[in-house]
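Trainee: sequence below, structure please.
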Amino acid sequence: MQLAGRGDPSQAADVPVSMTTLAATFVPRWLPATSYWRGDKVVSPSGDIVTAHSTFTSSTTYAASNWSLSPSYGKLAGDNTWAGKATFSGNIPARARQPFMSSQELRALDPGPDDHIGHAMQTKVYGDWSADQGSSPRFAWGANIFTVTGPNAGDGNGLFALSGALIEANVNAPTGTHIENVYGLLAEASFFGTSAGATVDNIKSFQVNAPVRKNGASGGTAKWAYGMYVQAVYPSQVESTNAFSMWVAGGRSRFMENVEIYGVNATDSLLTLRAAPSHSVNLFTINSSSNTRIVRVTSSGTVTTINKLVALEARGAQVVVGDCGPAAQAGIAFGATTPGLLYFDGGALKFRGAAGTVTTIARS
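Mentor: Take a look at the predicted model:
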């Protein structure tokens, strides 16, 4: 029986460089019936550089349960494995629950013209893909972080949350530090470089796909399914002056199909339309086309449609309602000083004042 990575003292005169010195530079292959110490590194039969969990003697066959992927090396090239060697800051040891760890430092005054990036990964796409075949033809992914439970009964049972990936930006700097923006995740699509000139039908910086069954799955049931779920954000969570669960900074936003605004508190304003200070804007506009009509329910409960368009304009504490059809009628104001009810009746837009007087604003 031999001791891996350590020379036989009786042979020292014949070995100009000790095996201990060689082990610091070269990683030996795994061998059967060999004593390994905890922390010893070997090249496994599959080509991985692995580290022994504890001190033991190997059997005649390789047992992966005795080893973990070395935190100081990547996998060897070939057979869909990693090429090259990674350097890890702080010599982080492998852990049973965190088997592969990498920690890099960024210094503000590090020399060079490049962006400050702790872990850089690049994928280049070449060739004409018009005739591409095989799995997912004509699709290219720069990276795929794939998380999946095992197929056996009980795999994943009891989990509260299964996440494909967790991306965090954490601020640990003390009082006195000023950072203008912190992004947990930043996504960007672009035309890149001076040679750019391609035509792209749709360019999206961020897309959320619907939950699906795939790869032959015909089972699996979800009580609730979300394409994107945004948790409520309140100022008290981080002592902020303002807080928004979602902010769309200008441009045009479009919601297809159904939009539901759901209140949970008695004081909720389900929909608030507000112009920015010192700005004159249309708070509410209804657009109709030849194949789209405005549908409303009359006072008697009958569903009807109209072709007329109605414009609402804010004037101080009042909302002015007017007919925008070809034969525009005089607008009528209601609000804090003139309470009333605006409704549709048989296709006509009407206003019932506080005294019960009904005024027809737009006829069908």
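Trainee: tell me where the stretch 151-300 of the chain has strands.
Mentor: 284-285, 294-297 (DSSP state E, counting those that start in this stretch).
Trainee: following the host helix or strand of residue 35, which helix or strand shows up next?
Mentor: Secondary structure assignment for residue 35, by DSSP states H and E: strand 34-36. Proceeding N to C from strand 34-36, the next assigned helix or strand is strand 41-43, under DSSP H and E.
Trainee: what strands flank the helix or strand following that next one, and is each parallel or antiparallel?
Mentor: Once the chain leaves strand 41-43, the next helix or strand it forms, by DSSP H and E, is strand 49-52. Note on strand 49-52: by DSSP bridges, its sheet partners are strand 41-43 (antiparallel), strand 67-69 (antiparallel).
Trainee: comparing those by mean pLDDT, which bottoms out?
Mentor: Here the strands paired with strand 49-52 differ in mean pLDDT, and the lowest is strand 67-69 at a mean of 80.
Trainee: doesn't residue 352 lie inside a strand?
Mentor: Yes. Membership of residue 352 in a strand is supported by DSSP: H, G, I helix; E, B strand; the rest coil.
Trainee: next, count neighbours for it.
Mentor: Counted by other C-beta atoms under 10 Å, the residues lying close to residue 352 total 16. Quick note: C-beta positions are derived from backbone N, CA and C, even for glycine.
Trainee: let me know the pLDDT of it.
Mentor: 71.
Trainee: look up how far residue 147 lies from it.
Mentor: Going from residue 352 to residue 147 by C-beta to C-beta, to the nearest Å gives 59 Å.
Trainee: also residue 164?
Mentor: 5 Å.
Trainee: if we can go back for a sec, dump the strands paired with strand 49-52 into JSON lines; add mean neighbour count as well.
Mentor: Below are those laid out as JSON lines (neighbours: other C-beta atoms under 10 Å):
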{"stretch": "strand 41-43", "mean neighbour count": "20"}
{"stretch": "strand 67-69", "mean neighbour count": "19"}
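Trainee: which of those sits closest to residue 104?
Mentor: strand 67-69 (18.2 Å; C-beta to C-beta).
Trainee: quick one: the closest residue to residue 261 other than its chain neighbours from residue 264, how far?
Mentor: Nearest residue to residue 261 in three dimensions, chain neighbours excluded: residue 270, at 4.7 Å (C-beta to C-beta, 6 or more residues apart in numbering). According to C-beta to C-beta, residue 270 and residue 264 sit 10 Å apart.
Trainee: quick one on the thing from earlier: tell me the strands beside the strand holding residue 35, with direction?
Mentor: Sheet pairing for strand 34-36, using DSSP bridges, gives strand 2-3 (parallel), strand 56-57 (antiparallel).
Trainee: mean pLDDT lowest for which of the ones you listed?
Mentor: strand 2-3 (a mean of 40).
Trainee: tell me the contacts of residue 227?
Mentor: Contact partners of residue 227, counting by C-beta atoms under 8 Å, 6 or more residues apart in numbering, are 208, 209, 210, 211.
Trainee: since we're on the third one, how many residues are nearby?
Mentor: Spelled out, that is residue 210. 8.
Trainee: read off the pLDDT value for it.
Mentor: So, for residue 210, pLDDT stands at 95.
Trainee: isn't it right up against residue 226?
Mentor: No. Using C-beta atoms under 8 Å, residue 210 is not in contact with residue 226; the gap is 9.1 Å.
Trainee: now the end-to-end length of stretch 236-247.
Mentor: This stretch, stretch 236-247, spans 18 Å end to end (C-alpha to C-alpha, to the nearest Å).
Trainee: ok, stretch 153-170 next?
Mentor: Start-to-end, stretch 153-170 (C-alpha to C-alpha) is 37 Å.
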